[in-house]
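K.L.:
here are the coordinates; sequence isn't available:
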């Protein structure tokens, strides 16, 4: 699995000594496995405490890993939020920031948090039933980090807007083809 560095939106807002990277791979059962690595001075980060794994809104207000996934060339997309607490959220959008409030996920992603020598790794598995039914997908992998002081930094494969905006379709730069 190849990890790609995520860049912080504004270098002056980047927590000192932190690096973030992410990777995606297909599993044999059609699930998508996402891995996020937070390395360095993670003790400066405010990490949500372990909680019951369930769907919950508003996870992006704190340290959270995210994935934006669309069928290649489509305007519809899904947003997934993965908290280090193991709580999660999944949303469907018909177009840019137009959420389909009727859509409900038919399955639950699973999340695990692994402690490493120099950081942590969050691993999320998205069931195939939650993914767009297309042979090729475009992904935007992102992370929001919150410090103990309450400062937030926004990390992504690519930042395309005048401010941090993970919903911009041009930011979905990781291309995956189903095996």
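P.N.:
Done, it's in. On a predicted model such as this, the values are computed, not experimentally measured, just so you know.
K.L.:
which helices and strands does whichever strand or helix holds residue 23 pack with?
P.N.:
Using DSSP states H and E, the element containing residue 23 is strand 18-26. Helices and strands touching strand 18-26, by 3 or more Cβ pairs under 8 Å, 6 or more residues apart in numbering; DSSP states H and E, are strand 4-5, strand 32-40, strand 136-146, strand 174-177. Heads up, the C-betas are built off the backbone N, CA and C, glycines and all.
K.L.:
Return the angle between stretch directions for it and strand 32-40.
P.N.:
170 degrees (axes from the mean of the first three to the mean of the last three Cα atoms, to 10 degrees).
K.L.:
which parts of strand 18-26 are buried?
P.N.:
Neighbour counts over strand 18-26 (16 or more other Cβ atoms under 10 Å) mark 18, 19, 20, 21, 22, 23, 24 as buried.
K.L.:
Now tabulate those residues in CSV and tack on distance to residue 57 and pLDDT.
P.N.:
Formatted as CSV, the buried residues of strand 18-26 follow (distance: Cβ to Cβ, whole Å; pLDDT from 0 to 100):
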residue, distance to residue 57, pLDDT
18, 26, 94
19, 29, 95
20, 23, 97
21, 27, 98
22, 23, 98
23, 27, 98
24, 24, 98
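K.L.:
Just give me the closest of these to residue 117.
P.N.:
residue 19 (14.0 Å; Cβ to Cβ).
K.L.:
rewinding a little: so which of the buried residues of strand 18-26 comes closest to residue 167?
P.N.:
The closest of those to residue 167 turns out to be residue 22 (Cβ to Cβ; 17.3 Å).
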